[in-house]
Structures are given as structure tokens and as C-alpha cells.
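J.: Structure for this input, please:
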Amino acid sequence: MPLDSDIASRLKRTSDGLVCAVAQEEGTGRVLMVAWMNDDALAETLATRRGVYWSRSRQEMWRKGDTSGHLQHVSKVELDCDGDALLLTVRQDGAACHTGEHSCFDTGGELPLGAAK
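T.: As a prediction, this is how the structure comes out:
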């Protein structure tokens, strides 16, 4: 399924054809994960209302939940003012992070502010 041409014309992609996608939890506003989308992943996400991304490491489409069962149900997709980032509002079934955590930001830890030398 091709991406609608009006939407495609508004995107500013990286040199490898990707747009940053931030998945935010519906209701809490918690950022669950950051991933990448190509035009096909975005088109499929818009058509199916399911989180679909481009895996840079595997160089293939990544349908969130295909192997883990932890689906993302997309309720809204927004494009930022520059056209280079997407914000997905999602209802997450299970963990969003590949480590099994609810959010990819649960284990990295908060970095200290004012620590630059």
C-alpha cells in the first residue's frame, strides 16, 4: 500500500529514507519508545492502526508485536512542524521495549543535569 502523496510530500526523511517516530502512551503521555519509519511502514500504520516500523539493524519492516505479542494500537499520528518526526499515540499491549520493560526509558536512568565539565 503506497503512502498518500500529500502525506509523503510533507515528510523530510534522512538520507536513507527514514523519519523518526516517537510512540507515546495514550492516557499517561509516557514516551514508550523511539523508532524509525519509511514510507511503507507509515502507510501500513495509518491503514491498520497498528505500530509498524523499519528495523535499521535487520533492514526490514518490523510489525510491533509479531514475535512478542506486545501490539501497539495506534489512536493518533501527528507530524511535527518540520516534517522530520512523527508522534504516535498508542495503547500498548505488554512491554514496548525489547528488554521486556514497559518503556525503553525505564532502565537507562536519568542523566545528571549540570554535570558537563
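J.: Which parts of stretch 10-20 count as buried, going by neighbours?
T.: By 16 or more other CB atoms under 10 Å, the buried positions in stretch 10-20 come out as 11, 13, 18-19. Where C-beta positions appear, they are placed from N, C-alpha and C, glycine not excepted.
J.: What is the neighbour count of Glu44?
T.: 19 (other CB atoms under 10 Å).
J.: residue ranges of the helices in this protein, please?
T.: 5-8, 39-48 (DSSP state H).
J.: how close does the nearest residue to Leu87 once chain neighbours are set aside sit to Asp84?
T.: Nearest non-adjacent residue to Leu87, counting by CB to CB, 6 or more residues apart in numbering: Glu78, 4.5 Å away. Distance of Glu78 to Asp84, computed by CB to CB, to the nearest Å: 13 Å.
J.: Looking at these two, which is more packed in?
T.: Ranked by neighbour count (other CB under 10 Å), Glu78 and Asp84 place Asp84 first, with 14 against 11.
J.: gap between the spatially most central residue of the chain and Leu86?
T.: Nearest residue to the geometric centre of the chain (CA atoms, centre = their mean): Ala21, 3.7 Å. Ala21 sits 4 Å away from Leu86, going by CB to CB.
J.: Need the overlap of contacts for the two.
T.: 37, 42 (CB atoms under 8 Å, 6 or more residues apart in numbering).
J.: how about low-confidence regions in the chain?
T.: 115-117 (pLDDT under 70).
J.: How about the contacts made by Ser75?
T.: Listed by CB under 8 Å, 6+ apart, the contact set of Ser75 reads 26, 49, 89-91.
J.: Okay, the residue lying closest to Ala96 once chain neighbours are set aside and Val19: tell me how far apart.
T.: Excluding the flanking residues, the one nearest Ala96 by CB to CB, 6+ apart is Leu32, at 3.7 Å. Leu32 sits 17 Å away from Val19, taking CB to CB as the criterion.
J.: thinking again about what came up before, could you single out the most deeply buried of the helices of the chain?
T.: helix 39-48 (a mean of 18; mean count of other CB atoms under 10 Å).
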